[in-house]
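In: Structure for this input, please:
(one chain, ligands or ions: 1)
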Amino acid sequence: MQVSRGIVVGALLVVGCATAATTNVRPPLGAVLTPAATTGATVALKHDPSAKVILSNASALPAASFLPSQAKRGASVYAETCGTCHQPGQLIGQNFVELWNDRRVYDFYALVRSTMPLDNPGGMKEQEYIDVIAYLLQANRQASPKPDSLKADTASLRATKIAVSAP
Ligand code: HEC
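Out: The predicted model follows:
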């Protein structure tokens with residue numbers, strides 16, 4: 001399915017610090033943030049300290065559902081692609097739980113979809129992104145509340161949260 005990159009990147013709100021000091025126009029989209037814009041605290045992206053992603057706290061939302069078949073396919077994507085750069089323990093375990101528990105699934109999806117794999121951002125199939133996210137939820141011990149699939153549907157990704165716990 002075709003999810004607009006514009007929406008993904010726009011909602012991710014990647015904010016450049018360098019220009020923020022002088023103007024209120026944020027690259028890469030040139031969005032103007034008014035002082036009244038309600039955004040959460042910014043989180044430093046480790047691979048680009050000058051970029052910021054705004055993560056919302058979504059603890060009140062229901063946990064996202066996914067199918068075991070999605071997680072299974074996602075395990076292959078992870079092994080073939082993500083695992084070539086990410087060390088064991090980076091995206092699975094305590095580190096992930098601290099960073100992502102109670103966040104909107106959409107925030108994680110948008111970050112991964114627009115920045116990963118680092119050598120080919122946005123270059124995987126939509127299905128592969130969704131599958132690998134289902135895998136990371138499962139690998140971080142999220143229990144799917146319903147036997148339902150994780151969908152590349154921004155409304156449902158925004159309405160559900162990551163509910164993970166460390167092994
Ligand atoms: C070519 C190498 C490479 C590949 C392939 C890759 N990544 Fe990354 N990824 C990185 C690097 C480097 C960082 C920055 C890590 C850091 O600074 O800790 C990063 C950061 C991330 C982050 C954000 C971590 C943070 O705290 O800022 C996530 C989430 C992530 N990658 C997920 C994935 C997923 C999922 C895949 C597979 C679809 C993937 N990556 C594939 C290199 C890669």
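In: Ala152: neighbour count?
Out: If you count neighbours by other C-beta atoms under 10 Å, Ala152 ends up with 17. (C-beta placed from N, C-alpha, C; glycine too.)
In: Leu55 now?
Out: So Leu55, with other C-beta under 10 Å, has 21 neighbours.
In: Hmm, it is touching Arg103, no?
Out: Yes. Leu55 lies in contact with Arg103 (C-beta atoms under 8 Å); the separation is 5.4 Å.
In: So this structure: which segments form each domain?
Out: The record's domain parsing of the chain by automatic domain parsing lists 5-54, 68-158.
In: Which one of those has the poorest average confidence?
Out: Comparing mean pLDDT across these, the weakest is domain 5-54, with a mean of 49.
In: As a check, name the ranges of all helices in the chain.
Out: 5-12, 17-20, 68-80, 94-100, 105-115, 126-139, 154-158 (DSSP state H).
In: Can you give me the buried ones in the fourth one?
Out: Buried residues in helix 94-100, defined by neighbour count with 16 or more other C-beta atoms under 10 Å: Phe96, Val97, Trp100.
In: same thing with the third one?
Out: For helix 68-80, the neighbour count (16+ other C-beta under 10 Å) marks Gln70, Ala71, Arg73, Gly74, Ala75, Val77, Tyr78 as buried.
In: Mind putting the residues you listed into CSV with distance to Lys151?
Out: Listed next are the buried residues of helix 68-80 as CSV, based on distance: C-beta to C-beta, whole Å:
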residue, distance to Lys151
Gln70, 10
Ala71, 14
Arg73, 14
Gly74, 14
Ala75, 19
Val77, 17
Tyr78, 19
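In: for the residues you listed, which one is nearest Leu157?
Out: For the buried residues of helix 68-80, the residue nearest Leu157 by C-beta to C-beta is Gln70; the value is 13.5 Å.
In: so the closest one makes contact with Ile130?
Out: Yes. With contact defined as C-beta under 8 Å, Gln70 and Ile130 form a contacting pair (6.7 Å).
In: any shared contact partners between the two?
Out: Shared contacts of Gln70 and Ile130 (C-beta atoms under 8 Å, 6 or more residues apart in numbering): Leu150.
In: what residues does the protein put near the ligand?
Out: 45-47, 81-82, 84-86, 91, 99, 111-112, 116-119, 132 (C-beta under 6 Å from any ligand atom).
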